[in-house]
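**Student:** Okay, predicted coordinates and the sequence, questions at the end:
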Amino acid sequence: MLATLPLVALALAAPPVPATIADAGFIAGHWVGDEGGTRSEEVWTAPAGDGMIGMWRAVAGGKLRVLEFLTLAEEGGTLVLRFRHFDPRLVGREERDRPLVLPLVRRADGVLRFEGPRVDGGVGPVVLTYAARPAGLEVTLEKDGKAIPFTFRKGP
């Protein structure tokens, strides 16, 4: 119940953006990016039923630094992205019952934008945007007033 409270609060603030899991099909696949000495990989399953699952990892200096496990699911006629961060030993960063919960706030052809409250005590929302590009996939993380872009190409 606690994990759904941010979604409920956001739903009261704005009507949900209509979407189905098929609208997220463009993110399915193995995506790889190398920027600033860090290899970033994101892997998404194809849509099945009402959801998708994903994994992201960052490798720097030849060492695995951080992992992220994600779910994307249809809920209430829209999409909701949930995820958690882990260190290489699978020690979670977020509290056990508090994943990041980001409802869909914008949908366009080849673009999904998710936004929700932080669970780490930081100020302001977390925004994650997925955009299909001719050369691959662009993912932008926005928090603390900064936008961090990840540019991915199809992986092996």
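**Tutor:** Sure, I can see it.

**Student:** So which residues of this structure form strands?
**Tutor:** Listed in chain order, the strands found in the chain under DSSP state E are 29-35, 38-44, 51-60, 63-75, 78-86, 100-108, 111-117, 125-133, 136-143, 146-154.

**Student:** Of all the ones you listed, which one comes closest to residue 92?
**Tutor:** strand 78-86 (5.5 Å; Cβ to Cβ). For every residue, glycine as well, the C-beta is placed using N, CA and C.

**Student:** Give me the distance from that closest one to the chain's centre.
**Tutor:** The chain centre lies 6 Å from the centre of strand 78-86; the measure is Cα atoms, centre = their mean, to the nearest Å.

**Student:** Identify all contacting residues around it.
**Tutor:** 3, 7, 16-21, 23-24, 54, 66-73, 92-94, 99-104, 107, 112, 114, 128 (Cβ atoms under 8 Å, 6 or more residues apart in numbering).

**Student:** Try it again at 6 Å.
**Tutor:** For strand 78-86, contacts defined as Cβ atoms under 6 Å, 6 or more residues apart in numbering pick out 16-17, 19, 66-73, 92-94, 99-104, 114.

**Student:** Could you give the number of residues near the residue nearest to residue 14 when sequence neighbours are not counted?
**Tutor:** Leaving aside its chain neighbours, residue 14 sits nearest to residue 105 (7.2 Å; criterion: Cβ to Cβ, 6 or more residues apart in numbering). By other Cβ atoms under 10 Å, the residues close to residue 105 number 18.

**Student:** How much space separates residue 105 from residue 95?
**Tutor:** Note on residue 105: its distance to residue 95, by Cβ to Cβ, to the nearest Å, is 24 Å.

**Student:** one step back: dump the strands of the chain to JSON lines, plus mean pLDDT.
**Tutor:** Output for the strands of the chain, formatted as JSON lines (pLDDT from 0 to 100):
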{"stretch": "strand 29-35", "mean pLDDT": "95"}
{"stretch": "strand 38-44", "mean pLDDT": "97"}
{"stretch": "strand 51-60", "mean pLDDT": "97"}
{"stretch": "strand 63-75", "mean pLDDT": "97"}
{"stretch": "strand 78-86", "mean pLDDT": "96"}
{"stretch": "strand 100-108", "mean pLDDT": "96"}
{"stretch": "strand 111-117", "mean pLDDT": "96"}
{"stretch": "strand 125-133", "mean pLDDT": "96"}
{"stretch": "strand 136-143", "mean pLDDT": "96"}
{"stretch": "strand 146-154", "mean pLDDT": "95"}
